[in-house]
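1. here is my input, please return the structure:
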Amino acid sequence: MTLPFKYKNNSLGKKLPGIDIKIAEDGELLISGAYVMSGYFNEKNEETFTDGWLPTGDLMKIDDEGFVEIVDRKKEIYKNNRGETIAPQKIENLFKDFEAVKQVFLVGDHRPYNTILLFPNYDFKSIDFRKMSTDKIYEYFSSIIVTVNNFLSPFERIVDYKIIDRELSNEQGELTPKGTYRRKVVESNFNLLIEQMYRQNHREIILQKFVLRIPNWLLQEKGYLNKDVTIDSDRLLFKKNNRSITLKVVNEEDKIVRLGNFDYKIKGNIIDLQTILINPEYWLGNIELIEFTEGSIFSWVRQKNAKFDISFYQVSNREFNHSLDLKIFDEISLKALNHALTELMGNSFSEGLDSINYFIKVLNKPDSVVYPVAIKILQRPNLFYSLNAKRKIFLILIRNLSEINCHLFLQNYIDNVDKLLDKATITELINASVKSNLLEIVISLLKQKIQTEPSEVDEDSMPFSLINLLYELALKHPSNYERVRQVLVDIELNGTFSKISGFAKLLRIELRKNFRKLLGDNLQVAIDSETGEDYYWKDVVTFDSNVEPKEQESIFNCISTTNALKEAVFLFAKGKVLNLDNLMIKGVWITKEREYYNKKKFRVSIHSRYFGSFELVMNLQKNMNRESIYREVSYLILAGSRHYIQELVEDFGGYWEEYNLWTSKYIAGDTLDKYFFKQTRRLTDETEKRLYHLWPFFVWNAAAAYFNFWRLSNYKSILSFPNIENFIIPPHDYQIGTKLVSLSESFDFKSHTDLFRNFYTNFVEATENKYSFLKRNKIWSFIAAGLVNAEGIENAKVIIKKYLSELQQKIAFEDYWNILDQIITFLAAIDKGEFLPKQLYFAIKRYRRWFILNPEADYEAKFDNFKEMYETYQIKKIEKEFPASRLTLFYETVLYKSNEQLRQKVKELIHLIKTEEHRKDFEIEMLSSLSSSINLTEEEKYFITRFTFPHIQEATSAEIIGINYEGKFTANLIVQYEDEEGLPFFIRKPISPKEISRLHQLFIESNITVDFRSEHDYLVAVSDRGFILGGIFYYKQSETLIHMEKIVVSTRNRRKGIGDKLMKEFFDRMKSVGIGFITTGFFRPEYFYKFGFKVAKKYSGLVKEV
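-> Have a look, this model is predicted:
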């Protein structure tokens, strides 16, 4: 029965009072109770009942709330040829929601897949099928079948269908008196039509361990019989007309197969000839294959994208006849594209300028159908014979590739084309490139090349070419100077081969000289714009009284005769060029900041006329030889760059040998020694408590910086004095920016014991002896955690185990067992996946301290605090290195006091995400499914919904429901909005084929032709009464790219803001799953412009960055 206001879609309701029901193992509904009949006339009770239960003959299912849903009649179910049970009535019933369909009959009993016979509703008012072509009718019903398949398990889906020319009827004996199908009769009456859908569509031939599939349509097209096809002497032979083509296995182990002029790499053991024949990415340029098909292959194109189970490998034969026909280049076509490609492939052609110009012509027309094919084939440098042609194609493509695939393209050419980057190509590349990330791509490829080179390389090899490219990039774009300098120093210090290291050192010095030339001469005189009087450096630079005369002289001479200030400001202020005429009178003030045994630091405050103020440091050396200075400067260049190490020293400016001086960025903040001194001058219980809580943070940060220096030296040197005088650490645990004051003194690394004990003794033990209230038993875990920060989990585990091994060989010393226990416990936590990165650890600690003070906080306050912790501690930045960090924060904060069943499920999910690769929406699906498997409180539902979909505002009404989509549970977020008339509506995914059908109908009513396909997803706006008001359909092109096909709103609901809110919700949802860009066609561009869509050269329509 259906209770008042408890109607549930597709449900029969709940059981009546006094009736008991259960589901048998085979899915049949069994009933018993006082209202059940006592038996059938003249039939024994044991024949009617099974252990007191009456079998109904109906297959049912019962949900968690006790609602019953019919699946099928038991006697009508069947199994496919793999033994999987299928209920035909359940599938057929899904078509009842479509008014365009009058009858559907499912076929598939003991067959490999399901098909249907379909009779259209010719009385359907919205569409006149009698006026439609056969192709259009099949296209329309294909969309409906795709829609139904979205709600079926893979083995239930419909693979093919036929439209029958009459209704199934009583007259033909095809229906029972109740109107159900007599399946055997229907299958007999339509046997020929059914068998057509199950006929094998290809011929199979064994080729060693591979199976060659030849499509039947090819045999039919050419008039061949199955028996005419054979393989003989590495040829695929068609005996009827004696036509053949090269076919052989080149490398069985690597799965390389030759067909015609090309070699292909096969993923499995199936060589599907159809895949090659219908996709020009595979056959363009394969002259033997094109000639074998007598040119018919140009009309067989069906597929736009290549499949992953086969890929082009190389050209195997370049000996073919080809004569250039310039007339063909007048058109944009596959034939012309093939003609141009063939010229560039042949080993008798060296330049092919006409063909190259044709490719340029194609790439200037991104809307043409051959454009994507041209892009794909040009990314295969081993197609082309001439080195000059490869270089020209390379330069053409660099202008037409998105930053997303630029890395793969460059790697492909660099790996496959020796001597690609000559001086002329480098110059053209730099001038032509519009890729903002080109520099980082080149650096990545250079490091990869250096690491994979087996031995010392020649000066014309690719690593040298890439270093030259970096050098030229820095000179062409001075903003790249700092990054390129850092890479050159890295190669110089840590390079494996002496030739490459020496070359990097040479270019480093040359780059510095030319960079300083680019900055221009240092002006010696300027005119005051207010007074019109001349002024000089002596009028600008002033010194504090704490700067000694000799130091003043040295610093002043450096400032006035070199570009020291200009260089430092340019680097630290991201490209601002500061000259004397931009400095105010007495605009440079210099004071001594700190003094060490080997250097003095001077703070330089600069006040300019137009650029604002700047702060930097000048480091004046003493008691250091040139070799030591050069070594420390090199380390400072490496360490000062965030590209290499996160926490070490302030950014480096420039070194000026003649004055024994270098510049660096000024970082405000006291050393840890000064900080403790200031905090403990008036020590209170509150101060002690705060410092006690901060001490692990200080140890963790200092240890990370200490170990980072060891890594910076390529594990050769250990910092001599890692005491609190040598560290600047932010005083709040949500801040970053730990700095080492000096890298001057170090000693050679000999053992891991020296490495760890040196830090413990100088930093931990010395400080705890001075401030005894800091002491705690578990401090070694924070030292080890600092190592993880520097090295990553896997490297840190190896290093810690080496230290542990050394430790266990030592004679027990004071605190030996405590240290041993802490290190073993720390390793165990890592192995169990329980290690928390620094930001996450302290974010959780802070949340829990707040919760202790505010235990009665409502769930909105709790979730707000969670979001604040996530933002303040910058958890997003660590997600790549530490997967599930956001989820872990969620688990350890707002779910900290939730029910154990929920916490256990989330804990299991965290473990899954940490240990296995998953698609981006896996976390969303798993969390959303919790509501169907666990009885959640309203607070927990609130948390789960807003965590899973962060774009939902606190006050917005939102709920997650589960739907069966593509045979599995899928999360469906429902968000409530109001239109401009104040009426509520909801945005969600469709929950039934009927809703997708209604969306399809809205497009038809709006005179918009659409084709729903299996790859499409949908988002719909629904009224509070369940009517579809509008919707969007789209598909995923890549992990970061979505193509939005169309949007529609019903005529009566337009101009109410529904479409705008539908678009906004769509963008928010795409952003939440990591989509970076959304494309759409160039239709009604004025509508899409207001949402931020724009024209971009690399996209055929419009694009929006999410």
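2. in stretch 115-134, what counts as buried?
-> If you call a residue buried by 16 or more other C-beta atoms under 10 Å, then stretch 115-134 has these buried ones: 115, 116, 117, 118, 119, 120, 127, 129. Any C-beta I mention is one placed from the backbone N, CA and C, and that applies to glycine too.
3. check what contacts that stretch and list those residues.
-> For stretch 115-134, the external contacting residues (C-beta atoms under 8 Å, 6 or more residues apart in numbering) are 95, 99-108, 137, 140-141, 145, 158-164, 166-168, 186, 190, 193-194, 197-198, 1001, 1004-1005.
4. how does it look with 7 Å?
-> Residues from elsewhere that reach stretch 115-134, judged by C-beta atoms under 7 Å, 6 or more residues apart in numbering: 99-108, 137, 141, 158-164, 167, 190, 193, 197, 1001, 1004.
5. follow-up on the earlier one: farthest-separated two in the buried residues of stretch 115-134?
-> 115 and 127 (23.3 Å; C-beta to C-beta).
6. so which of the buried residues of stretch 115-134 belong to strands?
-> Secondary structure of the buried residues of stretch 115-134 is defined by DSSP state E; positions in strands are 115, 116, 117, 118, 119, 120.
7. now the residues you listed as a markdown table including distance to residue 846 and pLDDT?
-> As requested, these are arranged in a markdown table below (distance: C-beta to C-beta, whole Å; pLDDT from 0 to 100):
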| residue | distance to residue 846 | pLDDT |
| --- | --- | --- |
| 115 | 61 | 94 |
| 116 | 60 | 94 |
| 117 | 66 | 96 |
| 118 | 62 | 96 |
| 119 | 67 | 96 |
| 120 | 65 | 94 |
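8. what's the closest of those residues to residue 255?
-> Closest to residue 255 out of these is residue 115 (33.1 Å), distances taken as C-beta to C-beta.
9. for the lengthiest strand in the chain, buried residues please.
-> Counting by DSSP E, the longest strand found in the chain is strand 583-595. By neighbour count, and taking 16+ other C-beta under 10 Å as the criterion, the buried residues in strand 583-595 are 583, 587, 588, 590, 592, 593, 594.
10. the second one reaches residue 540, doesn't it?
-> Yes. Between residue 587 and residue 540 a contact is recorded at 5.4 Å, counting by C-beta atoms under 7 Å.
11. in JSON lines: the buried residues of stretch 115-134, plus distance to residue 808.
-> What follows is the buried residues of stretch 115-134, written out as JSON lines (distance: C-beta to C-beta, whole Å):
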{"residue": "115", "distance to residue 808": "69"}
{"residue": "116", "distance to residue 808": "71"}
{"residue": "117", "distance to residue 808": "76"}
{"residue": "118", "distance to residue 808": "75"}
{"residue": "119", "distance to residue 808": "81"}
{"residue": "120", "distance to residue 808": "80"}
{"residue": "127", "distance to residue 808": "81"}
{"residue": "129", "distance to residue 808": "83"}
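12. picking that back up, can you redo the ones in strands among the buried residues of stretch 115-134 as CSV with distance to residue 568?
-> Compiled in CSV, those are given as follows (distance: C-beta to C-beta, whole Å):
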residue, distance to residue 568
115, 75
116, 75
117, 80
118, 76
119, 81
120, 78
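13. in the stretch 951-1100 of the chain, which spans are strands?
-> According to DSSP state E, counting those that start in this stretch, the stretch 951-1100 of the chain carries its strands in the segments 958-965, 968-978, 984-988, 1017-1023, 1028-1038, 1041-1049, 1077-1080, 1094-1095.
14. look up how far residue 397 lies from residue 1103.
-> Remark: distance between residue 1103 and residue 397 (C-beta to C-beta, to the nearest Å) = 20 Å.
15. returning to what we had before: nearest to residue 876, of the strands of the stretch 951-1100 of the chain?
-> Comparison of the strands of the stretch 951-1100 of the chain against residue 876 by C-beta to C-beta identifies strand 1077-1080 as nearest, at 19.3 Å.
16. and the closest one, how far from the chain's centre?
-> 16 Å (C-alpha atoms, centre = their mean, to the nearest Å).
17. then stretch 626-646?
-> For stretch 626-646, the distance between its averaged C-alpha position and the chain's averaged C-alpha position is 33 Å (C-alpha atoms, centre = their mean).
18. what mean pLDDT does it get?
-> Mean per-residue pLDDT for stretch 626-646: 76.
19. please report how far residue 1044 lies from residue 1072.
-> Remark: distance between residue 1044 and residue 1072 (C-beta to C-beta) = 16 Å.
20. how about residue 770?
-> For residue 770, the distance to residue 1072 equals 49 Å [C-beta to C-beta].
21. and the two? Which one has more around it.
-> Taking other C-beta atoms under 10 Å, residue 770 and residue 1072 do not tie; residue 1072 has more neighbours (18 against 12).
22. list the contacts for the more buried one?
-> Residues touching residue 1072, when contacts are defined by C-beta under 7 Å, 6+ apart, comprise 949, 950, 951.
23. near the second one, how many other residues are there?
-> This points to residue 950. 12.
24. which residues touch it?
-> For residue 950, the residues meeting the contact criterion (C-beta under 7 Å, 6+ apart) are residue 1072.
25. now, the contacts of stretch 115-134 that are in strands?
-> 101-107, 158-163.
26. out of those, which end up buried?
-> Those of these that meet the buried threshold are 101, 102, 103, 104, 105, 106, 107, 158, 161, 162, by 16+ other C-beta under 10 Å.
27. reformat the strands of the stretch 951-1100 of the chain as JSON lines; add mean pLDDT, distance to residue 750 and mean neighbour count.
-> Compiled in JSON lines, those are given as follows (pLDDT from 0 to 100; distance: least, C-beta to C-beta, whole Å; neighbours: other C-beta atoms under 10 Å):
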{"stretch": "strand 958-965", "mean pLDDT": "66", "distance to residue 750": "58", "mean neighbour count": "17"}
{"stretch": "strand 968-978", "mean pLDDT": "79", "distance to residue 750": "56", "mean neighbour count": "17"}
{"stretch": "strand 984-988", "mean pLDDT": "92", "distance to residue 750": "64", "mean neighbour count": "20"}
{"stretch": "strand 1017-1023", "mean pLDDT": "93", "distance to residue 750": "60", "mean neighbour count": "20"}
{"stretch": "strand 1028-1038", "mean pLDDT": "91", "distance to residue 750": "50", "mean neighbour count": "20"}
{"stretch": "strand 1041-1049", "mean pLDDT": "93", "distance to residue 750": "52", "mean neighbour count": "21"}
{"stretch": "strand 1077-1080", "mean pLDDT": "92", "distance to residue 750": "52", "mean neighbour count": "22"}
{"stretch": "strand 1094-1095", "mean pLDDT": "88", "distance to residue 750": "60", "mean neighbour count": "12"}
